[in-house]
Each structure stands twice: as structure tokens, then as C-alpha cells.
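Visitor: mind looking at a prediction? Sequence and model below.
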Protein chains: 2
Amino acid sequence: MPKILKTSLDSTLPASFERAEIKTFVESYDNFLFDCDGVLWLGSEVIPGIPATLDWLRSMGKRVFFVTNNSTKSRQQYAEKFSKLGIHASPEEIFSSAYAAAVYIKEVAQLPKDKKVFVIGMDGIRNELDNIGIENFSLQDDKPLFEDSDLLQYKPDDQVGAVVVGLDRNISYRKYAQAYQYLRYNNGGKGALFVATNADSTFPMSGTMYPGTGAILAPLITALDREPIVTGKPSLNMLEAVFAQHKINPSRTCMVGDRLNTDIQFGLQGGIGTLLVLTGVNQLKDLEGSSIQPSFIIPGLVNLSEAKD
Amino acid sequence: MPKILKTSLDSTLPASFERAEIKTFVESYDNFLFDCDGVLWLGSEVIPGIPATLDWLRSMGKRVFFVTNNSTKSRQQYAEKFSKLGIHASPEEIFSSAYAAAVYIKEVAQLPKDKKVFVIGMDGIRNELDNIGIENFSLQDDKPLFEDSDLLQYKPDDQVGAVVVGLDRNISYRKYAQAYQYLRYNNGGKGALFVATNADSTFPMSGTMYPGTGAILAPLITALDREPIVTGKPSLNMLEAVFAQHKINPSRTCMVGDRLNTDIQFGLQGGIGTLLVLTGVNQLKDLEGSSIQPSFIIPGLVNLSEAKD
């Protein structure tokens, strides 16, 4: 059973007891990994009190990292978003699923230098591939496609070693037809490497939901009957990227997130602490009957600062 | 075990024996349902001898019907394709998955007259809905979509009673976002009726494959965690549409097709005879270990005419 960190929001317990619990929690960890949307901000609005809470953690010598499945921006672009919202973060502290995909292709899959990558996704993926020195391209020609015979221009090409799929608000049948050809017929029928930044089926915005990267991916999985390597949460590729670049003691590290099936699952699989906040997707009722249980629960990240001296 | 109709292609048996077998088969049925692509034509090329074979069946008083999962054309447009390929067929003899979807929405689901249908698909579906008197619309505005906030224009609308999805070579994130909103939030959260013309994951063209309607559908199934009503083969909606409009004795009816998991499955579930032709997708090797076994197999539909007197 997760421990619910009592806060002033819960008026049934004495304040002194609440504060001590939170203080003990904060003292237990040196490193915090934060999911962003639903934890730090909601869409384009920062959650009040978050910048001060993060500054306070830093002031106590805690290290903070930001771990997001959002693949639409590069780490540099993401740092600019943080800055606009009044949160200090350097690109080195930010780990996105697009960055994890680029690292995976270069370091783990070791794509040969003469091969290139076909991208279904927004700028974030292409920028991260550029940064890491991997040639990549996409399809920009999205004129309407009315004739069957138009499809015959989309053929296998063994110069393409991998296909990466992330959230793409400009998907098209052309892109799927081209990706399908590489993934099914390249490499003597074995197909190109198939990588997805993440597999979230939906994403929340302004109180409603829209199809997510898992939905964007689904046509290829269905047509190919083949699953991609997923580099975002809950896959541990992203955690391995953090550990590879920063000396961190896992037992002194806690993942903070709003989603059980990505953030909390990610922390549990990585053997680190887990804190669920209730400012995003999942609520207390979602814990009933779930096999994924966080170590700790708190109403919002800002409530941590109730442990301030 | 299916009976393989021996033909002159199999030189190990005496010709007289072959001919007798085929003759017995043809005499066993009064009505033939034909799949089109892979049976009558391959892409835009008619298979040689097919028009004469169909004419010969008609000359013996056999009734012929054409049953296709292709939803991109209306029955009227399909009749024009037949005509161009030299095959005589009237719109009343043609049953397409788009037509079956329109009949399903009107007759089975009984969509209220004040509700309309949102279509992801090509003209075929919209034309069939028009023909049957059901108001329908699609999204034509497919300008690139770069801002998250652009999505907020896609909202639920209780005037939309159903969403129909078929093969659409101009899919877009906008269409999926709009369909998702209707299917998840309309009708007090029950969502609009969800109909798919068919669920073929790929379609063959010119010796290669491309993503099919099952792939086009997959983002919505994934994002909604909800399955559609499928009106094309192997669903029996199409067979019920044929039986409703033509007085036909099922025991004197045979389905002829090139795909085990759509055509032959459709015939088996409908309790009619089944003949697999080897001019399309499936070959003899695909029968090994398959739970779907046709009653009869013949190299090509044209071989039936070896039973000619």
C-alpha cells in the first residue's frame, strides 16, 4: 500500500504530524525525476507554486531532472518552455522520449553510419537526431492522394536503417505507406529498425483528451503485425540515459509523476522511489484494483514545501 | 479437408475426370457471390477469361453477385469500373462494405432522422449515405496543424450520431481528433455509434502491400479502447443485405474469394458454399495449419469454364 503524505489539505490530522512525514520523505532522496505535464504544468499553464518548490529543493542540494514522453520538442526547445513558465532548467537536466530515441538508435542499436532514419513526428525528434549526428528525413509533400497508382512511388530503400515514430499532428497516408515499405521490405524482408518515442494512447489538454503517440503508431503495428522498441516511459531506456550521464545513486532517487501506467511504472521498474501527484491524469480512485502502486502519494508537488523550515 | 477441383493445370489426372468434378460443382449452386480484387481483377487489370466465364455462368441461369470490402467507390462507381474492364454488372448486383455500412446505420442501428454521420473515408461511403438519405459530412480542411490550441476546435456534438471509418488516403490528425471527440464524449459519455466498413490490415497492389482500412481504424481503437461494428467481410452484415434484397436459397449459394480470413470465413459463417481461387492473396501453403478451410479450391475462376459443354 502506498503511503499518503498528509498535508494541510487533509484537515483531519494535526499539522505537526503532516509536516514531519513530508520532511522525512524529502530527506530520503537526493535526486528527483519529474514528469512535466500534470506535475509542473497543465498544458501551457504552470501550476502555482511549482517554480518556488523546485528552487527550494535545489537550495537544499537536491538534484532535479525532467523526464517527459513529449517528443514534439528538442531538449533545447523544452528548456525554452521551462524558462517561459518561470522554471529554471538546463537542457542537460531534461530527458525527453525523442532524445532517448536518438540515444537508443546511436548507442544501443548502433545504426551504421551510412544508414539514415525516416521520421514520423514533429521537430523534436529530427532535432535530437541532428544533434547526435544521425542523418534523418521525413515526408513534407502532403498533397491529397487520390489515385492508387500514386502509392507506387513509396518503395523499400536499404539506405533507411530505422523508422522513428512520435506524436505527429501532420500524419498522412503517404507517411504510413512509406514507413510500411521500409519496415516490411527493407533488409531482405527483415525490415528496418522500428522505434517509437512512447506509446501513450491519449494526451490530456484543457480538460479533454486527444489521440496520443500510441494512436499515431497503431496503423503501423496493425499493418505490420510487429511491435516497436519504445524509448519513453515506462521503458527504462530513458532512466538508463539519465544514469549514463549523471552519477546517481538509485536508492536515493525518486520519480514524481501523475500517471500510474507510465511514470509510476517507470519508477517501479527502475527500482527507484515513486511519488504520485494528483494534479494530472490519475486520482486516488484509479489506485483501486491497479497492480501499479506508488511508494508515496501527495495532492500536489507544491505540498512538498510544507516541509520547509 | 477442402476438395481441390482438378483442372487442366494438373496434368497428373485424366481430363475427363477433372471436367466432371467441375461440372458437378457448378451444378450444385444457383447463386455465386464473387469477391473482386484477386478473383476478377488484379488492381486495374482484368484477369484474362473472366468476362467470358461470368457470361457463361449467367447463360446457364446462374445469378451472380459481387461482394467487396473496397469502400472507396459507391456501387454506381463500381459498376462503371466493371464496365471499363469488360464485365457486365448492375449496381443491384454489387454489395460493397460502404453500402453495407449505410444499410447497417439506417436499418439495424436505426439512426434517428435528426442525427448525422461523420465520415473518415473516400467518396464511396458518403455517396452510399447520400443514396440512403442519411446526412453526413467529413473534414476537408487539412491545413498543417502546428499549435496544440488548434485542437480545441474539435469538440463533441450530439447532433453526430455515428462515425463511419473506411479506407481514407487523406487521413489527418484533425480527422482523428474530431472522431475521437464524438466517439468518446457524445451522448453523455457513451459516445457516438462506431462503424467500420472493414478491418483488412493491408491491401495488395502491383505485387506489394500498403496499409489497409484496419490500419486506418487503429488509432481510434487504440485511443478509445473500443472496437467498432464492422460491416464488411467476414461480418455477415453484407450477406444479410444480399439476402434481404434478393430471394436466395443459401444452400444453393457459393462464395468465391482469394482470402481465407475475409472471403472464405465470410462464406463459412454464413453457412454457404466456399470456393478459394489461387489468383490473389492466399495460396495452397496458407491452408496448412489454418482453421479456415474452404469447401473447394480451384487455380483460377476461369478454370470453371472447363466444365463447358
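Guide: Happy to help now that I have it. Numbers count the residues shown, from 1 in each chain, chains lettered A, B, ... in the order given.
Visitor: contacts only, for the residue nearest to the spatial centre of chain A.
Guide: If you average the C-alpha coordinates of chain A and look for the closest C-alpha using CA atoms, centre = their mean, you land on A:N69, 1.6 Å from that point. Residues touching A:N69, when contacts are defined by CB atoms under 8 Å, 6 or more residues apart in numbering or on different chains, comprise A:96-97, A:197-198, A:200, A:213, A:232-233, A:262. For glycine as for every other residue, the C-beta is placed from the backbone atoms N, C-alpha and C.
Visitor: okay, those in JSON lines with pLDDT and secondary structure next?
Guide: Listed next are the contacts of A:N69 as JSON lines, based on pLDDT from 0 to 100; DSSP: H, G, I helix; E, B strand; the rest coil:
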{"residue": "A:S96", "pLDDT": "94", "secondary structure": "strand"}
{"residue": "A:S97", "pLDDT": "96", "secondary structure": "helix"}
{"residue": "A:T197", "pLDDT": "97", "secondary structure": "coil"}
{"residue": "A:N198", "pLDDT": "96", "secondary structure": "coil"}
{"residue": "A:D200", "pLDDT": "93", "secondary structure": "coil"}
{"residue": "A:T213", "pLDDT": "97", "secondary structure": "helix"}
{"residue": "A:G232", "pLDDT": "95", "secondary structure": "coil"}
{"residue": "A:K233", "pLDDT": "94", "secondary structure": "coil"}
{"residue": "A:T262", "pLDDT": "92", "secondary structure": "helix"}
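Visitor: closest to A:N136 among these?
Guide: Compare each of the contacts of A:N69 with A:N136 using CB to CB and the shortest gap goes to A:T197, at 13.4 Å.
Visitor: surely that closest one and A:L129 touch.
Guide: No. Look at A:T197 against A:L129 with CB atoms under 8 Å: they stay out of range, at 11.5 Å.
Visitor: hey, what's in contact with both of the two?
Guide: Residues touching both A:T197 and A:L129 (CB under 8 Å, 6+ apart): A:V164.
Visitor: between these two, which one's more packed in?
Guide: Neighbour totals were compared for A:T197 and A:L129, and A:T197 leads with 34 against 26 (other CB atoms under 10 Å in any protein chain shown).
Visitor: ok so, going back, B:E80: which of the contacts of A:N69 is nearest?
Guide: Relative to B:E80, the closest of those is A:T213; by CB to CB it sits at 40.9 Å.
Visitor: please report how far A:P228 lies from chain B.
Guide: When distances are taken as CB to the nearest CB, to the nearest Å, A:P228 and chain B turn out to be 13 Å apart.
Visitor: ok, that residue touching A:I216?
Guide: No. Between A:P228 and A:I216 there is no contact under CB under 8 Å: 11.3 Å.
Visitor: for those two, work out which one has more neighbours and name it.
Guide: Using other CB under 10 Å as the criterion, A:P228 and A:I216 rank with A:I216 on top: 29 against 20.
Visitor: and which of the contacts of A:N69 is nearest to B:L167?
Guide: Relative to B:L167, the closest of these is A:T213; by CB to CB it sits at 23.1 Å.
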